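Participant: whatever this is, show me its structure:
(chains A, B and C)
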Amino acid sequence: MCEKKRVGLYERFGFIDDMIIVDKFSEVAGDRCKTILKKKNAIIVPHGTLISQMSSDEIEKIETPIFGNKWILRWEADREMKQKLMEEAGLRTPRPIKSKDDIDGLCIVKLHGAAGGKGYYLAWNRESFEEGAKRLVQQGMIRGEQDLYIQEFIRGVPAYLQYFYSPVTKSLELLGVDRRYESDIDGIGRIPARQQLGAGGEPSYTVVGNIPLVLRESLLDEVYRMGEGFCRAAERLVKPGMPGPFCLEGVYDSEGKFTTFEFSARIVAGTNLYVDGSPYSGLLYDEPMSMGRRIAREVKVARKKNRLASIVT
Amino acid sequence: MCEKKRVGLYERFGFIDDMIIVDKFSEVAGDRCKTILKKKNAIIVPHGTLISQMSSDEIEKIETPIFGNKWILRWEADREMKQKLMEEAGLRTPRPIKSKDDIDGLCIVKLHGAAGGKGYYLAWNRESFEEGAKRLVQQGMIRGEQDLYIQEFIRGVPAYLQYFYSPVTKSLELLGVDRRYESDIDGIGRIPARQQLGAGGEPSYTVVGNIPLVLRESLLDEVYRMGEGFCRAAERLVKPGMPGPFCLEGVYDSEGKFTTFEFSARIVAGTNLYVDGSPYSGLLYDEPMSMGRRIAREVKVARKKNRLASIVT
Amino acid sequence: MCEKKRVGLYERFGFIDDMIIVDKFSEVAGDRCKTILKKKNAIIVPHGTLISQMSSDEIEKIETPIFGNKWILRWEADREMKQKLMEEAGLRTPRPIKSKDDIDGLCIVKLHGAAGGKGYYLAWNRESFEEGAKRLVQQGMIRGEQDLYIQEFIRGVPAYLQYFYSPVTKSLELLGVDRRYESDIDGIGRIPARQQLGAGGEPSYTVVGNIPLVLRESLLDEVYRMGEGFCRAAERLVKPGMPGPFCLEGVYDSEGKFTTFEFSARIVAGTNLYVDGSPYSGLLYDEPMSMGRRIAREVKVARKKNRLASIVT
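Facilitator: The predicted structure is shown next:
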């Protein structure tokens, strides 16, 4: 399925056999798409753009089979459900800071219901918190401090862990690791401190790409334990669990401990790095195994074993 | 063709069939090389080192066929022609700042005719501009402020877009994306602000390598549009246009918009990352497609179709 | 050989034919392992974790053949021997600063006998040196300033050069380049200067991963010269020299010059990036050549040529 404005782009890639052109992705739930997809015996693989354009209610009403668990996408979208699932999974998450009076170190201030990090800022004490809030009020982004919540800022380096869980083989696979490339926050390190202070300005966190990385080998064990904890928690809280691709997104601190900020319960953009396989897929497969191919493989295997019901919702 | 001092290095690589050894690359235009190259029925693929060692006049006088458009290399070398071609291509470029009195935010101060970023500095007001100029005068790098020009500093993250345009198939291909790895500017982020301020020092922008990356998928459409705009502009301004490899070099800002600083109208160093193909070549080809192989392929196809004249100058 | 706590992890990877399970790696020198390994006609490929868990004396007493030179591992472990070997190899190393009164620019302060960068700090004058020392005393990490030594801080960008030397073919191969990904030092560039200064805090240098990179092509010649200098120095100082994998670890400065901080005289973690080969192995081999496969290949070739004695100790 392709948005009309992007047809020109995707026509460049010869590996695409067929396109259903839509004005916007929400049409996927409509009769026209439903009929075409049914005729093609299709499975939808939901991506970030699709789910960002639809409400959880709309997604859940899609009648075409969805690869993975469409019910868990609501847990990805809702901040409190997301936090609950991460806690159930035993993941370390950033400490919430109840009040501006409790700030005693670097923290990140976020907007309730904000999209994509817009307006987020760093503060280190009550004064810097209030200053940031005042700026957001002036910009009309919030009504007042009550629209903000504060989290401990985890000092460390970002890492995104790309998993695939197969309910057919009951096995979890780490297929890649990356870090996001964000503008302009990943560029401010290229501005010396003196010039930063002289020129002022607030950073932003717009994702523009991804950079590949591998982890220190001794961290892999915990990576698998976190992924398995997530799958088990998903099975308990939102049936049928977490079949297919998902991603844990966080920071490694100076003790080599991982704190999870977010999860994506579906394929993520960082897998674009590994169209021909990753260093991690190379440990598991003797052929280039992208996340896309892994999904296709799962469908084939599940069909053969009459287990399609366990991988779609 | 290999500089004598590098023969030892390139002899290590078994895939090199033949070497013509020169003291310096400018010999390529001389009778000895011309005769050898003619006998071998050779096509020259110009790289950054070759063109940095020759004037545009010298390059244009080379009689051996050159892959791509040798006339456009003058547009790459000359700052004003470069700007003109980028504007004709509809590319967003940094805003020039006419006078030091107009500085009202972070800007980058460059030297007319300087090589490789040496002496460039960041300023944020009249005072910091003058302070930098004074330092350069003391270092004997400029005579006075008249040797400087000022550009808006684009806050964002760098990205280098590696394209190949085939006049034979009339198609544009994005074959890779990277970012440069520059010393010491990409190291200062590893010095805390307090230590930076304590120790002082001015950053430099020496390219020492390249890091692979992929872009957010929603940016790809504009990437192709920019590349096509560049090809069309080249066709209008400098015949025969832009056959072969080229690179747009710039920064993604916090809106996900790309501002182009420079272009290279030939193969670039970042393609060294993708000797076995890139995530982008993987979308287009079922075999590992490096930029080098893509060039060789184009020569073969063009010869077969009797179109060699369209890919060399 | 696998530590008991990691068996679950390594069982995930189908390419592992056999595991000898140990409580800790030092058991490799014990009778049980020796007997099993002898029966299997095994060669040990030592990695960083193995040698970090054993003293040089213990390593040298291992009777199972060790790939590479087990005697050089003492030179890797001992700071003064390490420095001596780097100097013998003609490598540029950071200038030691004799006294806190000689500090006149950014320097890094290290602890005698410290593990993994813990406690290291940056200073730029006598005052900042003393302030850091006082903090370490308070934290109980040192007794006093006499436990510290000072080195020039090299401004630049880190690079790790992964080599393989074959005594059978007498050839040196560059098989990959990476940079480490360290927490939280590689994250502080994502904190604006103002917030860094407001919140305070000292960076740490915990390795959590590796990022791939390629070098500017004109730097490769020196990369090979440094590697060869290292091999020749090893042959002179610690027989039989440097067969197998090793790594030079340092920084490229703004002149494109490399300063070496450390070496590893064995396989390193950064090679995990290149399980399917690197851009550099691609220049040398027509098949995906990881460092692991290169080692296996060397063993096969040496056995065939009756040269096993030259690659193990």
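
Participant: quick one: mean pLDDT over the helix with the most length in chain A.
Facilitator: For chain A, the longest helix by residue count, based on DSSP state H, is helix A:220-237. Averaging pLDDT along helix A:220-237 gives 98.

Participant: so what's the residue count around the closest residue to chain B within the stretch 151-300 of chain A?
Facilitator: Taking Cβ to the nearest Cβ, chain B has its nearest neighbour within the stretch 151-300 of chain A at A:Gly189, 2.4 Å off. All C-beta atoms are positioned from the backbone trio N, CA, C, and that covers glycine. By other Cβ atoms under 10 Å in any protein chain shown, the residues close to A:Gly189 number 24.

Participant: please apply the same query to A:Val7.
Facilitator: So A:Val7, with other Cβ under 10 Å, has 12 neighbours.

Participant: report how many residues lie close to the closest residue to A:Ile72 other than its chain neighbours.
Facilitator: With sequence-adjacent residues excluded and distances taken as Cβ to Cβ, 6 or more residues apart in numbering or on different chains, A:Ile72 is closest to A:Ala265, at 4.3 Å. Look at A:Ala265: counted by other Cβ under 10 Å, it has 27 neighbours.

Participant: so how far is the helix or strand harbouring A:Tyr163 from its chain's centroid?
Facilitator: Element membership for A:Tyr163, per DSSP states H and E: strand A:157-166. Offset of strand A:157-166 from its chain centre (Cα atoms, centre = their mean, to the nearest Å): 9 Å.

Participant: and for stretch A:155-164?
Facilitator: Counting by Cα atoms, centre = their mean, stretch A:155-164 is centred 10 Å from the centre of its parent chain.

Participant: re the thing from before, tell me the contacts of the residue of the stretch 151-300 of chain A closest to chain B?
Facilitator: Going by Cβ atoms under 8 Å, 6 or more residues apart in numbering or on different chains, A:Gly189 touches B:186, B:188-190, C:188-190.

Participant: can we see that at 7 Å?
Facilitator: Counting by Cβ atoms under 7 Å, 6 or more residues apart in numbering or on different chains, A:Gly189 makes contact with B:188-189, C:189-190.

Participant: which SS class is it?
Facilitator: helix (DSSP: H, G, I helix; E, B strand; the rest coil).

Participant: pLDDT weak spots in chain A?
Facilitator: Regions of chain A meeting the criterion pLDDT under 70 cover residues A:113-116.

Participant: scan it for its longest strand.
Facilitator: Using DSSP state E, we find that the single longest strand of chain A is strand A:171-184.

Participant: so that strand versus strand A:157-166, what angle?
Facilitator: Counting by axes from the mean of the first three to the mean of the last three Cα atoms, to 10 degrees, strand A:171-184 lies at 150 degrees to strand A:157-166.

Participant: for strand A:171-184, name the packing helices and strands.
Facilitator: In terms of contacts (3 or more Cβ pairs under 7 Å, 6 or more residues apart in numbering or on different chains; DSSP states H and E), strand A:171-184 is packed against strand A:157-166, strand A:205-212, helix A:220-237, helix A:281-284, strand B:157-166.

Participant: test my guess that A:Asp23 contacts A:Arg6.
Facilitator: No - between A:Asp23 and A:Arg6 there is no contact under Cβ atoms under 7 Å: 11.3 Å.

Participant: which residue, other than its chain neighbours, is closest to A:His285?
Facilitator: I think there's a mix-up here, since residue A:285 is Tyr and not His. Nearest-residue entry for A:Tyr285: A:Gly277, 7.1 Å, with adjacent residues in sequence omitted and distances by Cβ to Cβ, 6+ apart.

Participant: could you verify that that neighbour is part of a strand?
Facilitator: No - the assignment for A:Gly277 is coil, going by three-state DSSP, so no strand is present there.

Participant: got the residues of chain A near chain B?
Facilitator: Listed as neighbours of chain B in chain A under the rule Cβ under 7 Å from any Cβ of the partner chain: A:6, A:9, A:13, A:15, A:49, A:181, A:183-184, A:186-187, A:189-195, A:198-199, A:201, A:204, A:206-212, A:269, A:272-273, A:275-276.

Participant: got the residues of the stretch 101-250 of chain A near chain C?
Facilitator: A:105-106, A:122, A:124, A:128, A:155-157, A:159, A:185-186, A:188-189, A:193, A:196-197, A:203, A:211-221, A:224.

Participant: let me know the closest of the contacts of A:Gly189 to A:Leu37.
Facilitator: C:Arg190 (41.9 Å; Cβ to Cβ).

Participant: my guess is that closest one meets A:Ile185, correct?
Facilitator: Yes - between C:Arg190 and A:Ile185 a contact is recorded at 5.2 Å, counting by Cβ under 7 Å.

Participant: got a list of what A:Ile211 touches?
Facilitator: A:178-179, A:181, B:211, B:213, C:211.

Participant: could you rerun that using 10 Å?
Facilitator: Residues in contact with A:Ile211 (Cβ atoms under 10 Å, 6 or more residues apart in numbering or on different chains) are A:158, A:160, A:178-181, A:186, A:270, A:273, B:178-179, B:211-214, C:181, C:211-212.

Participant: restricted to buried residues, select those in ChimeraX.
Facilitator: Selection of buried members from these for ChimeraX, criterion 16 or more other Cβ atoms under 10 Å in any protein chain shown:
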select /A:158,160,178,179,180,181,186,270,273 /B:178,179,211,212,213,214 /C:181,211,212
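
Participant: thinking again about what came up before, look up how far A:Arg179 lies from the residue nearest to A:Tyr285.
Facilitator: 19 Å (Cβ to Cβ, to the nearest Å).

Participant: just A:Pro212 next, same as before
Facilitator: From A:Pro212 to A:Arg179 the distance is 8 Å (Cβ to Cβ).

Participant: shared neighbours, these two?
Facilitator: Contacts common to A:Pro212 and A:Arg179, judged by Cβ under 10 Å, 6+ apart, are A:270, B:213, C:211.

Participant: beta partners for the nearest residue to the first one once chain neighbours are set aside?
Facilitator: The reference is to A:Gly270. Spatial nearest neighbour of A:Gly270, excluding adjacent residues (Cβ to Cβ, 6+ apart): A:Asp178 at 3.8 Å. A:Asp178 forms beta bridges with A:Tyr160, A:Pro212, as assigned by DSSP bridges.

Participant: hmm, A:Val207 and A:Asp178 touching each other?
Facilitator: No - look at A:Asp178 against A:Val207 with Cβ atoms under 10 Å: they stay out of range, at 11.2 Å.

Participant: give me the common contacts of the two.
Facilitator: A:269-270.

Participant: thinking again about what came up before, now the common contact residues for C:Arg190 and A:Ile185.
Facilitator: What both C:Arg190 and A:Ile185 touch, as defined by Cβ under 10 Å, 6+ apart, is the set A:122, A:158, A:203, A:205.

Participant: show me where the stretch 1-150 of chain A has strands.
Facilitator: A:2-3, A:21-22, A:96-97, A:107-111, A:121-123, A:148-152 (DSSP state E, counting those that start in this stretch).

Participant: just these: most buried one?
Facilitator: strand A:121-123 (a mean of 24; mean count of other Cβ atoms under 10 Å in any protein chain shown).

Participant: okay, now the sheet partners of that one, with direction.
Facilitator: strand A:107-111 (antiparallel).
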